[in-house]
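*Asks:* When you get a sec, could you give me coordinates for this:
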Amino acid sequence: MSDMETRPAGLQRGAPEDGVPPDGVEILAARNVPLGGPRAMTVRRTLPQRSRTLIGAWCFADHYGPDDVAESGGMDVAPHPHIGLQTVSWLFSGVIEHRDSLGSHAFVRPGELNLMTGGYGISHSEVSTPDTTVLHGVQLWVALPGKHRDADRDFQHHVPAPTALDGGEVRVFLGSLAGDTSPVSTFTPLLGAEVTLAPRGTVTLDVDTAFEHGVLVDSGDVRVDGTAVRPAALGYVAPGRGTLTLTNEATGPARLVLLGGPPFQEEIVMWWNFVGRTHEDVVTAREDWQNASERFGRVEGYDGERLPAPALPHATLSPRRNASPHPQEQR
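*Replies:* Have a look, this model is predicted:
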């Protein structure tokens, strides 16, 4: 998915605000962002924002739907570029057709992971299929560490089996949780999982104490270690906890996406669809895209023109990283 904001807000000048409670869960509210087009499908974005740029290496989180495609127009994101990141596509309902300049032609279906590595440069398109009536899911990005940010283009697909829990169910699409480990390779330690909670259900999960975690709530009346996290919000938990307790206080089921990883220690410059280390990285990538450089290849099979890059701001893009997280006592 492309960041279609007219004035991309992925990275702003100045130091991030340090608002992490020492013993609690920080609530990151979502902001609505239109993806563009005549009917402008809207997503809810919780990463990045001024108070928190990353959770582990997770640097971007869009949550959308459930959208009636007859009203929203669905998803039609023309070919666009990426550098320095991996895209993670995960659906709850609907189907998206993916094409990329590696030559991949795949479909994103509910409960199936599509992970694309941009590295030095890749381009892709995403279009909801004609038979999709309701579109609902998340689009996530992972920042590549400096030594791998020019990695080769790659595409991986995985269908995780559900793992039953007392009080819910989990599907692990990246990393390890609840006795299951995803075979999908990443460049930093990561956790990505869909967790469903039964009505009035509670699940306590063993997690890595070196990881910080984010709980993106899709539906239900969810509490994370006792703190309420409303649907569309993301609850941040600093490293140090050995367990996370997720409770659904609703009379219907709840669903959330659990993200995690060790704090990402590198500064990044994130603008539009690019993750670099300097302003010049972004300028060069933008020029290469606008000039149809072979760096990004070509997407075959998409019916339409590719996306032009937005104008750069009249300022130097400054690197940012998170404030140091407050370690929490192990629980």
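*Asks:* Does anything pack onto the helix or strand where T204 lies? Which helices or strands?
*Replies:* In this assignment (DSSP states H and E), T204 forms part of strand 202-206. For strand 202-206, the elements it packs on are strand 168-174, strand 191-197, strand 243-248, judged by 3 or more CB pairs under 8 Å, 6 or more residues apart in numbering; DSSP states H and E. The way it works is simple: take the backbone N, C-alpha and C, and place the C-beta from them, glycine included.
*Asks:* want to throw these into a markdown table with mean neighbour count?
*Replies:* What follows is the helices and strands packed on strand 202-206, written out as a markdown table (neighbours: other CB atoms under 10 Å):
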| stretch | mean neighbour count |
| --- | --- |
| strand 168-174 | 23 |
| strand 191-197 | 25 |
| strand 243-248 | 20 |
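*Asks:* Just put these in CSV and tack on mean pLDDT and distance to V257.
*Replies:* Converted to CSV, the helices and strands packed on strand 202-206 look like this (pLDDT from 0 to 100; distance: least, CB to CB, whole Å):
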stretch, mean pLDDT, distance to V257
strand 168-174, 98, 9
strand 191-197, 98, 6
strand 243-248, 98, 12
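*Asks:* what's the closest non-adjacent residue to D166?
*Replies:* Nearest residue to D166, sequence neighbours excluded (CB to CB, 6 or more residues apart in numbering): V203, at 7.3 Å.
*Asks:* What's the local residue count around the one you found?
*Replies:* 20 (other CB atoms under 10 Å).
*Asks:* Identify the residues contacting it.
*Replies:* Residues in contact with V203 (CB atoms under 8 Å, 6 or more residues apart in numbering) are L165, D166, G167, G168, V170, V195, L197, T245, L246, T247.
*Asks:* from the residues you listed, which two are the most distant?
*Replies:* Distances among these were taken as CB to CB; the most separated pair is V170 and T247, at 15.0 Å.
*Asks:* What's opposite D62 in the beta bridge?
*Replies:* Here D62 sits in beta bridges with R45, Q139, as judged by DSSP bridges.
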